[in-house]
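**Student:** Let's see this in three dimensions:
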Amino acid sequence: MVNNVRGRPLGGASARKRLLDAAQRHFEVGDLTEISSRNLANEVGVSHTLVNYYFGSRDDLIAAAVALRVAPHHVIAAAIMPDGKIDLARLARGLIAVWEHPEQGEQLTRFARQLIAGGPHAQALSSYLQHTVFETLTAEFGQERARRIATALIGVIFSRYVLTLPSMTAMTEGQAATHLLSMMR
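**Tutor:** Okay, here's the model as predicted:
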């Protein structure tokens with residue numbers, strides 16, 4: 001039985017880590033979107049209220065678990081200027097750099113291929129991208145322009161990294177970023 005007492009949560013930071021580790025295990029298996037926060041908390045021996053305490057909501061826990069594998073929100077955050085505006089050139093360079101990274105790129109490509117195939121992670125990943133990428137772009141640029149930007153991002157990612165079209169893979173990293181930026185403007 002889990003003790004639900006007021007005040008600082010029992011288990012400290014290890015409870016947060018255990019929740020996140022369990023969410024990642026379920027993400028790997030493909031059933032993260034089906035498991036309730038109560039069942040996830042019971043699995044690691046903590047109160048289900050700690051999901052909200054540490055993450056804000058079950059969906060935010062899912063996003064955190066996915067973000068440890070795929071971190072588009074970091075690319076978006078790095079593209080935000082001090083005035084709060086998104087710098088599209090920074091976004092294009094950052095996105096290409098993440099996908100070009102030897103380890104991250106391979107992982108991202110695997111997840112993108114699973115998403116295409118409707119793999120077990122598709123729903124959680126799609127929800128995460130909608131929330132962290134598309135909604136951020138929409139807030140900055142409006143829905144129509146955000147759709148165009150998202151289409152450019154997805155088009156370059158899939159043609160260069162997932163489908164590995166020779167005309168796209170022949171470009172240098174810098175050329176790929178410039179090409180992406182030209183489509184986002």
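**Student:** quick one: contacts of the helix or strand of the chain with the lowest mean pLDDT?
**Tutor:** Least confident element among the helices and strands of the chain, by mean pLDDT, DSSP states H and E: helix 58-67 (a mean of 72). The contact list for helix 58-67 (CB atoms under 8 Å, 6 or more residues apart in numbering) reads 19-20, 23-24, 26-27, 32-33, 36-37, 40, 51, 54-55, 73-74, 121, 124-125, 127-128, 131-132. To be clear about C-beta, it is placed using only N, CA and C from the backbone, and glycine gets the same treatment.
**Student:** can you do 6 Å?
**Tutor:** Ala23, Gln24, Phe27, Leu32, Ser37, Val51, Phe55, Ala124, Tyr128 (CB atoms under 6 Å, 6 or more residues apart in numbering).
**Student:** The first one sits in which helix or strand?
**Tutor:** Ala23 belongs to helix 12-29 when elements are defined using DSSP states H and E.
**Student:** Tell me which residues of that helix come out buried.
**Tutor:** Going by neighbour count (16 or more other CB atoms under 10 Å), the buried part of helix 12-29 is Ala15, Arg16, Arg18, Leu19, Leu20, Ala22, Ala23, Gln24, His26, Phe27.
**Student:** before we move on, the earlier item: what packs against the next helix or strand after the least confident helix or strand of the chain?
**Tutor:** Downstream of helix 58-67, the first helix or strand assigned by DSSP H and E is helix 72-78. Counting contacts by 3 or more CB pairs under 6 Å, 6 or more residues apart in numbering; DSSP states H and E, helix 72-78 packs against helix 88-100.
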